[in-house]
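Based on what follows, work out the 3D shape:
(4 chains)
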There are 2 protein chains.
Amino acid sequence: MKELSTEEKIVQAAKEVFTQKGYAAARTDEIAVRAGVNKGLLQYYFKGKSKEKLFKAIFEEAFLKMVTRINVIFESEDTVEHKIELALDAYFDLLLENPNLPGFIVNELHTNTHAFVEEIMQKTNRPNPMPLLMQIMEEAAQGKIRPINPVHLILNVLSMTVFPFIARPLFQRMINVNDETFMDMMRQRKAEILDFVKHAIKP
Amino acid sequence: MKELSTEEKIVQAAKEVFTQKGYAAARTDEIAVRAGVNKGLLQYYFKGKSKEKLFKAIFEEAFLKMVTRINVIFESEDTVEHKIELALDAYFDLLLENPNLPGFIVNELHTNTHAFVEEIMQKTNRPNPMPLLMQIMEEAAQGKIRPINPVHLILNVLSMTVFPFIARPLFQRMINVNDETFMDMMRQRKAEILDFVKHAIKP
DNA sequence: GTCTATAGGTAGATAGAC
DNA sequence: GTCTATCTACCTATAGAC
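Numbers count the residues shown, from 1 in each chain, chains lettered A, B, ... in the order given. A predicted model of the protein is given here:
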């Protein structure tokens, strides 16, 4: 356990509270309590609109984490199948370590009341999916993979990877498993998806 | 356009506000304004904790809509492949008419601060997935479909169906399409998923 | 840098006039 | 049934003591 500075403790606590409750339900009081510091210190470290400033910092970091991973899919030089494998590797690493990251992001984008969510999205250089779409169509034309709508293929892979983490509260209740078992299933899942997709795109 | 009673107007407005903003960010003021009625009437029709009571009614209806559809997958007498087709039919019908239903539910379950979310989930008789899981394994043993982990198969179908609607704000920006185009893509998608899954489970 | 006290604003609930 | 006015609670922000 490292020694955290007061500021770091606040940021850490804010990350917990915001990702669990969302911006609207988050309380700065709770952030202070969890950080083990006084309310007033939030103002000292994040002068003026401290709640908003803290949120911006945390949402931006989370958003970048999720989106920059997508670049892995798009930018490597490789076959479609191997690109998918690389993407699954990268994403499962991220998600297994931060299981409620996608829920947080999707939630804030869904309930987006705040202009700054828009700001952050524009700041991030979003990846360009076109080259990958072209590649998928080319490989299909060459008979390397089955002809398939490239947008839906990408969306399928992303869906199968991310959705279980978002629907986790519902899913766990449905099949009645605890947190540990859920994480075990997710660790297994990377291989399952790869296998599933390989068969689905086989010519 | 039917004539709605005052109470119906309130419920309708509440449905809009809650599903768009989520419970925490929703404002009873806005519900009253959208319903075109006075704030005080919320108390008249939903005495005591009107915000909470309204939310309960709306969340429960939404939750039932989503979950009872899952029963379609589980309870019919049919082949696995045809069950999947039926499920896709049922779900896409629902989602194309209520595109932000899953976002709303997942959001409230994720940020769940309220005990009543728990209540509602227990009230609904959740479907039992066991028979379907068994059937998938049987068909695999008989060589009708490829051997596959049944839980992940179900999760794959559900993921590909529901995820795009949840990630819609992000997805639309990523590929830069308007609402109309998005809905068109989703209408196409049902056939895409069915095709994808058929190839993936082919022996 | 840290804490206490309090101000200022907002949202939900309530009482009572019409 | 509908509306106005007000109350109360809560939350963020601020000022100032230590």
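
Okay, strands next: where are they in chain A?
In chain A, no segments count as strands under DSSP state E.

What segments of it are helices?
Here chain A has its helices, by DSSP state H, at A:6-25, A:28-35, A:39-45, A:50-75, A:80-97, A:101-110, A:115-123, A:130-141, A:150-166, A:168-175, A:179-201.

and these as a markdown table, adding mean pLDDT, mean neighbour count and distance to B:Val37?
Backbone N, C-alpha and C define where each C-beta goes, glycine included. As requested, the helices of chain A are exported to a markdown table (pLDDT from 0 to 100; neighbours: other CB atoms under 10 Å in any protein chain shown; distance: least, CB to CB, whole Å):
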| stretch | mean pLDDT | mean neighbour count | distance to B:Val37 |
| --- | --- | --- | --- |
| helix A:6-25 | 96 | 20 | 24 |
| helix A:28-35 | 97 | 18 | 34 |
| helix A:39-45 | 96 | 14 | 38 |
| helix A:50-75 | 89 | 17 | 32 |
| helix A:80-97 | 96 | 17 | 45 |
| helix A:101-110 | 96 | 24 | 27 |
| helix A:115-123 | 77 | 14 | 29 |
| helix A:130-141 | 96 | 16 | 49 |
| helix A:150-166 | 98 | 23 | 35 |
| helix A:168-175 | 90 | 18 | 34 |
| helix A:179-201 | 98 | 17 | 44 |
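
Show me the one of these that comes nearest B:Met160.
Closest approach to B:Met160 among those (CB to CB): helix A:150-166, 4.6 Å.

helices or strands up against that closest one?
Where contact means 3 or more CB pairs under 8 Å, 6 or more residues apart in numbering or on different chains; DSSP states H and E, helix A:150-166 is packed against helix A:80-97, helix A:101-110, helix A:130-141, helix A:179-201, helix B:150-166, helix B:179-201.

what would those helices look like in TSV with distance to DNA strand D?
Converted to TSV, the helices and strands packed on helix A:150-166 look like this (distance: least, CB to the nearest atom of the strand, whole Å):
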stretch	distance to DNA strand D
helix A:80-97	28
helix A:101-110	15
helix A:130-141	41
helix A:179-201	27
helix B:150-166	26
helix B:179-201	32
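
Ok, which of these comes nearest B:Ala35?
B:Ala35 sits nearest to helix A:101-110 of all those, at 22.5 Å, using CB to CB.

ok and the closest one relative to helix A:168-175, angle-wise?
Helix A:101-110 runs at 120 degrees relative to helix A:168-175, counting by axes from the mean of the first three to the mean of the last three CA atoms, to 10 degrees.

is any part of stretch A:45-60 close to chain B?
No. For stretch A:45-60, no contact with chain B is found by CB under 8 Å from any CB of the partner chain; the gap never falls below 12.9 Å.

which residues sit against that stretch?
For stretch A:45-60, contacts defined as CB atoms under 8 Å, 6 or more residues apart in numbering or on different chains pick out A:6-7, A:10-11, A:14-15, A:18-19, A:23, A:26, A:28, A:31, A:42-43, A:104-105, A:108, A:114, A:116-117, A:120, A:123.

Which members of the residues you listed additionally contact chain B?
A:23, A:104-105.

Now A:Asn149. Its backbone dihedrals?
phi -70, psi 120 (degrees, to the nearest 10).

Return the residues in contact with it.
B:188, B:192.
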